[in-house]
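In: I'll drop the sequence and a predicted model, then ask my questions.
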Amino acid sequence: MEQMYQKSGNQLLILYGRKENGGRQLVRDFCRNKKFYYYYAPDISPQYQKQRMQKEISDRYQVAVSEASYDTFFKRIKSGDGSKLVVVIDEFPWTEQELPQILGNSMKKVDGITKLRELGFLDLVRQFPRYSVRESVEVYGVIGGVPEYMKGWEDQRDIRCNICTHILSERGFLRRKAEEIIRSQLRELSVYHTILEVLASGRHKLNDIYQATGFSRAKISVYLKNLMEFDVVEKVYSFETGGWQNAQKGLYQIKDTFLNFWFKFVYPHLSEFYQMEPEEFYDRFIAGELESYLKRYFVNVCMEYLELQDMVGRLPLKLHKMGTWIGKKGHIDIIAQNSVRENLISLCNWSGGAMTFTMCQQLFQSMEQAKITANYYYLFSARGFDEELVKVVEGDDRILLVDMNRM
């Protein structure tokens, strides 16, 4: 935004994304110490929209705006002294796929389109300086990198206390957030809620959803497409290797971190949720499965670590692509590959105690299924490494042991 502002002439930037990702605050920060005009465009009729904007411009600049047309409006908006002026039009409801159709030929006049996404794990760590790396991963697996959620979280309290206070409590700021997200973007909530609960339960194939819900496959496909348009669900692709016939295909998972947590732990138990005290609900329905649930997010953290190491030139190869291999009989947490298909393979141990050589042997079996070899290994562990493994890899420059607490 600042770079575009410094250019000569007029620049048009479309900035979009979910409001929880902090777009409005970002614009507010950008406009600080600049001359700007801000208009919030509520969801009203086109005619009344023009009348509303006409009145606001007239009141703001103390001028008569005789014609209710946008061309006239923009001619009346001025900085007052010939200096640059930032004009902000806030709140237009549309999806990414609709944008070209809405703008048509006007797309040629757009200088930039930026989608606001969640913050990364490193940003969350900076937000919560009191937390250890493990505690930060726990939070990351519950609320993701959503700025609005991070503002309400308290790093002087542990994960249990925060979940009970902010999600399970009647006054929790996240208690109704899941329903609010779905309701604000989609209709036929019963269908979407059903599909999301099935996905959160670990059934990721179209046929699994069909068998669990009874909805037709065609209907499920349409609703999954809608959920993907709003970044609620994503289709998961296994990293391409020589063992393609051994890989699982056509998998879906909940992309939105908080919605994944909600539909995994809370939504299936709403009867108890509305009757139990928060601490009792947490201990009964969340505590026992939280560790296994967080494995996915620890893998994401390890991927971000590799990306950051690549940016500063500290990896033994230059990353071209990275992903996960999802096999019918095995799993490879991370395959990072350069442009000539040299591979860095990673195992991410979150909750299995100290990493052992036996765990590595299971990785080697998965690699045989995937028909892939490794030039380098990065072994990540949240709970350290046992002595046998340390001795086995000692002196082997191809293998690096990465302790989570030293990342």
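Out: Arrived safely. Worth saying up front: this structure is predicted, and the values here are computed from it rather than measured.
In: got a list of what Cys348 touches?
Out: 295, 298-299, 302, 333-334, 380 (C-beta atoms under 8 Å, 6 or more residues apart in numbering). Just so you know, the C-beta spots here come from the backbone N, C-alpha and C atoms, and that holds for glycine as well.
In: sorry, slip of the keys, the one I care about is Ser292.
Out: Ser351.
In: and it, backbone torsions?
Out: Note on Ser292: its backbone torsions stand at phi -70, psi -30 [degrees, to the nearest 10].
In: one more: Ala41?
Out: phi -100, psi 100.
In: per-residue pLDDT, the closest residue in space to it that isn't next to it in sequence?
Out: Leaving aside its sequence neighbours, Ala41 sits nearest to Glu91 (C-beta to C-beta, 6 or more residues apart in numbering; 5.3 Å). According to the prediction, Glu91 has pLDDT 82.
In: tell me, how many residues neighbour Glu91?
Out: 12 (other C-beta atoms under 10 Å).
In: could you check how far it is from Met355?
Out: 49 Å (C-beta to C-beta, to the nearest Å).
In: same question, Asp386
Out: 7 Å.
In: so between the two, which is more surrounded?
Out: For Asp386 versus Met355, the count of surrounding residues by other C-beta under 10 Å is larger for Met355: 23 against 17.
In: so that one sits against Ala382, correct?
Out: No - counting by C-beta atoms under 8 Å, Met355 does not reach Ala382; the two are 9.1 Å apart.
In: overlap of the contact sets of those two?
Out: Asn349.
In: let me know the average pLDDT across stretch 370-387.
Out: Stretch 370-387 comes out at a mean pLDDT of 97.
In: in this structure Ala370 contacts Asn246, no?
Out: Yes - counting by C-beta under 8 Å, Asn246 is a contact partner of Ala370 at 6.7 Å.
In: between those two, which one's more packed in?
Out: Set side by side, Ala370 and Asn246 show unequal neighbour counts under other C-beta under 10 Å, the larger going to Ala370 at 25 against 19.
In: the more buried one and Lys19, how far apart?
Out: 40 Å.
In: wasn't Ser271 part of a helix?
Out: Yes - Ser271: assigned to a helix according to DSSP: H, G, I helix; E, B strand; the rest coil.
In: and the gap between it and Phe281?
Out: 11 Å.
In: counting only strands, which of the contacts of Cys348 make the cut?
Out: 333-334, 380 (DSSP state E).
In: show me the strands in the stretch 151-300 of the chain, by range?
Out: Using DSSP state E, counting those that start in this stretch, the strands of the stretch 151-300 of the chain run over 233-236, 251-254.
In: so which residues of the stretch 1-150 of the chain form helices?
Out: 2-6, 23-31, 46-61, 70-76, 99-103, 121-127, 133-143, 147-152 (DSSP state H, counting those that start in this stretch).
In: okay, the contacts of Cys348 in JSON lines with distance to Asn207 next?
Out: Formatted as JSON lines, these follow (distance: C-beta to C-beta, whole Å):
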{"residue": "Lys295", "distance to Asn207": "25"}
{"residue": "Phe298", "distance to Asn207": "29"}
{"residue": "Val299", "distance to Asn207": "25"}
{"residue": "Cys302", "distance to Asn207": "31"}
{"residue": "Asp333", "distance to Asn207": "26"}
{"residue": "Ile334", "distance to Asn207": "28"}
{"residue": "Phe380", "distance to Asn207": "33"}
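In: so which of the residues you listed is the closest to Tyr149?
Out: Phe298 (19.1 Å; C-beta to C-beta).
In: could you give the number of residues near the closest one?
Out: Phe298 - counted by other C-beta under 10 Å - has 24 other residues nearby.
In: and for Gly141?
Out: Neighbours of Gly141 using other C-beta under 10 Å come to 24.
In: now do the contacts for it.
Out: For Gly141, the contacting residues are 257, 261, 293-294, 296-298, by C-beta under 8 Å, 6+ apart.
In: among those, who's most crowded?
Out: Most surrounded of these: other C-beta under 10 Å gives Phe261, at 26 neighbours.
In: what about it, distance to Met228?
Out: Note on Phe261: its distance to Met228, by C-beta to C-beta, is 19 Å.
In: next one: Phe298
Out: For Phe298 relative to Met228 (C-beta to C-beta), the value is 24 Å.
In: what about the helix or strand that contains Glu304, distance to the chain center?
Out: Using DSSP states H and E, Glu304 sits in helix 290-311. Between the centre of helix 290-311 and the centre of its chain there are 13 Å (C-alpha atoms, centre = their mean, to the nearest Å).
In: same deal with stretch 394-405?
Out: That offset, for stretch 394-405, works out to 29 Å (C-alpha atoms, centre = their mean).
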